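Q: sequence and predicted structure are below.
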Amino acid sequence: MVEDIDPTLLEKTKCERKNVLPDLPMAKGNKVIMRVAPGPSGPLHLGHTRVAILNDEYVKRYDGKYINRIEDTNPERIDPEAYRMIPEDLEWLGVDIHQTIIQSDRFELYYDIARRLIDIGQAYVCLCKPEDMRQCKEDSVACPDRDQSPEEANELFDRMLSHDFGEGEAVLVIKTDIHHPNPAVRDFVGLRIIDSVPHPKTGSRYSVYPMMNLSVAVDDHELGMTHVIRGKDHLNNTIRQEYIFNHLGWEKPLYFHYGLVSIPDAILKTSTIGEGIHTGEFSGWDDVRLGTVRAMARRGIQSEAIRNYWIDVGMKEVDIEFSWENLYAFNKQIVDKTASRYFFTWDPELIDIVGVDRIEAHCPIHPDHHDLGCRDHTLTAPLKVYMTREDLNEFKQRGSIRLKDLCNLRWDDGKATYAGNDISVLKEGWKIAHWSPPNSIPAKVFLPDGTIRKGVAEPISIDEQGKVVQFERFGFARIETVDPEVTAFFAHT
RNA sequence: GCUCCCGUAGUGUAGUCCGGUCAAUCAUUCGGGCCUUUCGAGCCCGCCACCCGGGUUCAAAUCCCGGCGGGAGCACCA
């Protein structure tokens, strides 16, 4: 039955899942312009990759334009290194950025728009204390400054710009609807004053900073954004930003909000990581215990796996829990095809083998690609190999074991005794174990939980440095060094 | 408290707009089997889900109402 069907029809593999993302409604003609808008508080982490990749997928599908907009309008939360690290991370993710915009280059633009909002009576300078302002919003009452004329507002705004006010003394507020049923949407701050910390890029040249709702609205319009995809946490920001679009008669982009992602067991907070690096708790932004993009790369997680994962998850508004398991499954699909196989023996015990003088072992580098050749080991008398303590114990208990690609052994008179090399013993139920030759070198595998697995590994080609290998019966790991000791970072089983 | 969003198996997802072809898709996990010189990969089989209650209808995962549950926002952060 099945044989009658064209076999190529059955070859559809799971990695071929493509374009599961629904089409985007085309708003303005067919040239899509989209953006990713990270704040430069540190490098990108797993949470950022969803927005970066979702947007990238659509830009690629529609041959659109992709803008990386660095949102550095809060000088208190900027790591200058992030300006360099974020583009690196995006590049590693395979995201094609066509233009990079830095918001701190655009203060004058935000001031211009602020003036226009003032001129049309949709913005005012509020001199209230933050607590009073909060109370006004809660009670749906206008603050005393709300009815100032554009002239008065312009004058006050001038004074803001010329440092007449200190930090916290004045803000430019964008009008929405003071009676809006959603308290989160009522009049919101568009620009504020910060003069206590200099900006890493502009120093103290500007002390009036736009709030993200203003700068985002202005830039989304100025840059011609057609579609905006971002997390649900921005739902209320979208409503606020739409007020600015409406005030100024701008055509709005189409907004999409995906659900929140909680990533279990991941250290993501940049401030926590930054502190940890400072105190020496973490080795750096790429410490394998972290959830940063750099840490993923270091562990041998392929960017394509992260991409496939997010495509699979899609753009639904439901909140989800990130599944490491699924990510690892996607990664395994990719790395299993090419990863060289090596023996890493943890908790190693060096044992003597009697009853044979010489064995030549030819262990395939990859079980499915024999053309890649073998790892060849010649063992001569007195024969010794490393086994894991666990395997050795099982060997003693069962009285027999097969060492993969080497030979069969029996436990006779308290000695590991050569028992030929006939693999048919496996059919008789013999267990199979891996081993390492006596010329193995010390090896350490760093696991994401912070633990280190120590042992020995057979000599590994220098070409494997930086690549993902499979330590048989242990898991996939990315090789960092091969000499004088092997160090590797664990990806998954 | 107020506003908004959401609720399909352990996890993620398709289907929900335009009711029937959905005794519900795919992936992953888990269990079993085959194969096999990895406790890997591959192949095969299996388990597990439409939050609850009403209503409309010949027919509801899909529409309506009410509950319940989860999340977010209500910042001079992004």
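A: Cool, got the structure.
Q: what residues sit buried inside stretch A:378-389?
A: A:379, A:383, A:385, A:386, A:387, A:388 (16 or more other Cβ atoms under 10 Å). Quick note: C-beta positions are derived from backbone N, CA and C, even for glycine.
Q: and what of stretch A:251-271?
A: Quick answer for stretch A:251-271 (16+ other Cβ under 10 Å): A:252, A:253, A:255, A:256, A:257, A:258, A:259, A:261, A:263, A:266, A:267, A:270.
Q: before we move on, back to that, just the closest of the buried residues of stretch A:378-389 to RNA strand B, please.
A: Nearest to RNA strand B, judged by Cβ to the nearest atom of the strand, of the buried residues of stretch A:378-389 is residue A:388 at 7.3 Å.
Q: shaky segments in chain A?
A: A:1-19, A:27-30 (pLDDT under 70).
Q: tell me where it has helices.
A: Here chain A has its helices, by DSSP state H, at A:46-61, A:82-92, A:107-119, A:130-139, A:150-161, A:212-222, A:235-248, A:270-279, A:293-299, A:303-313, A:324-335, A:389-398.
Q: how many neighbours does the residue nearest to residue A:184 when sequence neighbours are not counted have?
A: Leaving aside its chain neighbours, residue A:184 sits nearest to residue A:236 (4.5 Å; criterion: Cβ to Cβ, 6 or more residues apart in numbering). Number of residues near residue A:236 (other Cβ atoms under 10 Å) recorded here: 15.
Q: now swap in the one 3 residues further on and tell me
A: By the criterion of other Cβ under 10 Å, residue A:239 has 17 neighbours.
Q: state the distance from it to RNA strand B.
A: When distance is defined by Cβ to the nearest atom of the strand, to the nearest Å, residue A:239 is 8 Å away from RNA strand B.
Q: pretty sure residue A:408 contacts residue A:416?
A: No: counting by Cβ atoms under 8 Å, residue A:408 does not reach residue A:416; the two are 10.5 Å apart.
Q: so between these two, which is more surrounded?
A: residue A:416 (24 against 20).
Q: which ones are touching the more buried one?
A: Counting by Cβ atoms under 8 Å, 6 or more residues apart in numbering, residue A:416 touches A:351, A:352, A:353, A:354, A:395, A:409, A:410.
Q: hey, what's it bridged with?
A: residue A:353, residue A:411 (DSSP bridges).
Q: which residue is the nearest non-sequential neighbour of residue A:301?
A: The nearest residue in space to residue A:301 (Cβ to Cβ, 6+ apart) is residue A:331, at 5.4 Å.
Q: any idea how far RNA strand B is from the one you found?
A: With distances taken as Cβ to the nearest atom of the strand, residue A:331 is found 11 Å from RNA strand B.
Q: go on, residue A:180?
A: As judged by Cβ to the nearest atom of the strand, residue A:180 and RNA strand B stand 8 Å apart.
Q: mind listing what that residue touches?
A: With Cβ under 8 Å, 6+ apart, residue A:180 has these contacts: residue A:186.
Q: which phi and psi does it have?
A: phi -60, psi 130 (degrees, to the nearest 10).
Q: re the thing from before, in JSON lines: the buried residues of stretch A:378-389, plus distance to RNA strand B.
A: Below are the buried residues of stretch A:378-389 laid out as JSON lines (distance: Cβ to the nearest atom of the strand, whole Å):
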{"residue": "A:379", "distance to RNA strand B": "14"}
{"residue": "A:383", "distance to RNA strand B": "17"}
{"residue": "A:385", "distance to RNA strand B": "13"}
{"residue": "A:386", "distance to RNA strand B": "14"}
{"residue": "A:387", "distance to RNA strand B": "10"}
{"residue": "A:388", "distance to RNA strand B": "7"}
